[in-house]
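Q: what's the 3D shape of this:
(one chain, ligands or ions: 1)
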Amino acid sequence: MAALLSASAIALVLALACLAVAPGHGALQVGFYKGKCNSTDVEATVRSIVAARFARDRSIVPALLRLQFHDCFVKGCDASILLEGRGSEKTANPNLSVRGYDLVDQVKSALESKCPGVVSCADIIVIATRDAAGGGKQYTYTVQTGRRDGTVSLASDAVRNLPGDSFSAAQAIAAFRAKGLSTSDLILLLGAHTVGVTHCSFVLNRLYNYNGSGKPDPAMDPALVSFLRSRCPQKSTANSVIALDQATPAVVDTGYYKQILAKRGVLKVDQNIASAASTNATVKALANGGLSFPALFGKAMVKMGAVQVLTGSQGQIRKSCRFVNK
Ligand code: HEM
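A: As a prediction, the model looks like this:
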């Protein structure tokens, strides 16, 4: 008995020791930078820069939401999307319309002037995104920090990891599961399509020649088809932009879910999560308020912000978000 007890006690001690040294999600914490940047309040500094930008350009909200998603899904939330260079992530096709890099640079230089080499670019993305999404106040949430920056950025990783605009619900669920995110996380995070725009090139097929049929996608409301056709002429080379949420495109709200239930999803993937049996009930609950989007969206953003993070002594704190330290 005594031998048994001591064997299990040893196993417990070993397990605890492993937990203590294992780098990973557990190392992120709320308020990591408190007291670490001389007298500067890091999160307040980010907040004021984002607020100033938001006041003159509300499109910073979708820009940053997408930036965080595209960072976290490729090698984790390590700011690898910010790195310059031939063949880096930002040169990959799905990233060509990603925006917000200048805002991150602005925050980084403000913080470097207060405490050089302390605040990671990966954390700046996450804090600034929260503050932008919270532009409407209601959607604010507490973020965890303590991420470090990666040193590798490959376009091929972006192409491999970022989900496609026409993914079925099952394909999208699988892509999120591969990052440790659930079906509910997918539905909540796709709710970010409540703001921002897409290019006509992503919907031409749905408007004019769905799957080679010569007809529009029957899953799209015919009134929306004709409106979007006027914005996206078939032969035009302009590749204009159209709102992802056709009802309230500039506000973070549940309008997106109501729209997709009314067959007014713009991207095929958006429409797919409204119709698939595996996702339809959650979409309905978010649309009718049975589930609270503001609270749950914040939780899902925090969860996405913890995907494959570098912490402790991993990676580095870049001096410039665009380049690995020399
Ligand atoms: C299955 C998952 C997803 C797919 C396939 C997808 C696809 C797309 C596509 C094709 C666009 C339009 C790009 C363009 O026309 O240039 C877009 C825009 C956008 N996406 Fe997603 N997305 C997904 C998930 C997410 C997530 C998880 C977020 C954030 C949490 C997000 C945030 C946004 C935002 C805010 C925009 C508008 C960007 C702007 O106005 O500049 N997306 N997405």
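Q: give me the neighbour count for whichever residue of the stretch 151-300 of the chain sits closest to the ligand.
A: At 2.5 Å from the ligand, G196 is the closest residue in the stretch 151-300 of the chain, using Cβ to the nearest ligand atom. C-beta: built from backbone N, CA, C; applies to glycine. By other Cβ atoms under 10 Å, the residues close to G196 number 19.
Q: the residue lying closest to it once chain neighbours are set aside - how many residues pack around it?
A: The shortest distance from G196 to any non-neighbouring residue, by Cβ to Cβ, 6 or more residues apart in numbering, is to P62 (2.7 Å). The number of residues packed near P62 is 25, by other Cβ under 10 Å.
Q: what residues are up against P62?
A: Contact analysis of P62 by Cβ atoms under 8 Å, 6 or more residues apart in numbering lists 192, 195-197.
Q: picking that back up, the residue of the stretch 151-300 of the chain closest to the ligand and K215, how far apart?
A: From G196 over to K215 the distance is 28 Å, taken as Cβ to Cβ, to the nearest Å.
Q: so where's the chain uncertain?
A: Applying pLDDT under 70 to the chain flags the ranges 1-26, 136-138.
Q: so where does the residue nearest to G196 fall, helix or strand?
A: Assessed by DSSP states H and E, P62 sits inside helix 60-72.
Q: is the ligand contacted by that helix?
A: Yes. Helix 60-72 lies within reach of the ligand by Cβ under 6 Å from any ligand atom, at 62-63, 65-66, 69.
Q: tell me the domain ranges of the protein?
A: Using automatic domain parsing, the domain ranges for the chain come out as 28-161, 169-303.
Q: looking at the ones you listed, which is nearest to R318?
A: Of all those, it is domain 28-161 that lies closest to R318, at 4.6 Å by Cβ to Cβ.
Q: how many residues are close by S182?
A: S182: 13 neighbours (other Cβ under 10 Å).
Q: same thing with L162?
A: 18.
Q: my guess is it contacts C72. True?
A: No. At 10.6 Å, L162 does not count as touching C72 under the criterion of Cβ atoms under 8 Å.
Q: tell me the one among the residues of helix 60-72 next to the ligand nearest to R264.
A: Comparing the residues of helix 60-72 next to the ligand against R264 with Cβ to Cβ places P62 closest, at 18.0 Å.
Q: tell me which parts of this protein are close to the ligand?
A: Applying Cβ under 6 Å from any ligand atom, one finds that the chain approaches the ligand through 62-63, 65-66, 69, 97, 99, 163-165, 167, 172, 189-190, 192-193, 195-199, 202, 244, 267, 269.
Q: just the ones of those in helices?
A: Using DSSP state H, 62-63, 65-66, 69, 172, 189-190, 269 are the members of the residues of the chain next to the ligand that sit in helices.
Q: which one of these sits closest to I260?
A: For these, the closest approach to I260 (Cβ to Cβ) belongs to L190, at 9.0 Å.
Q: nearest residue to the closest one in space, please, no chain neighbours.
A: Spatially, and ignoring its direct neighbours in sequence, L190 is nearest to I273 (6.2 Å; Cβ to Cβ, 6+ apart).
Q: that concludes my questions; thank you for your assistance.
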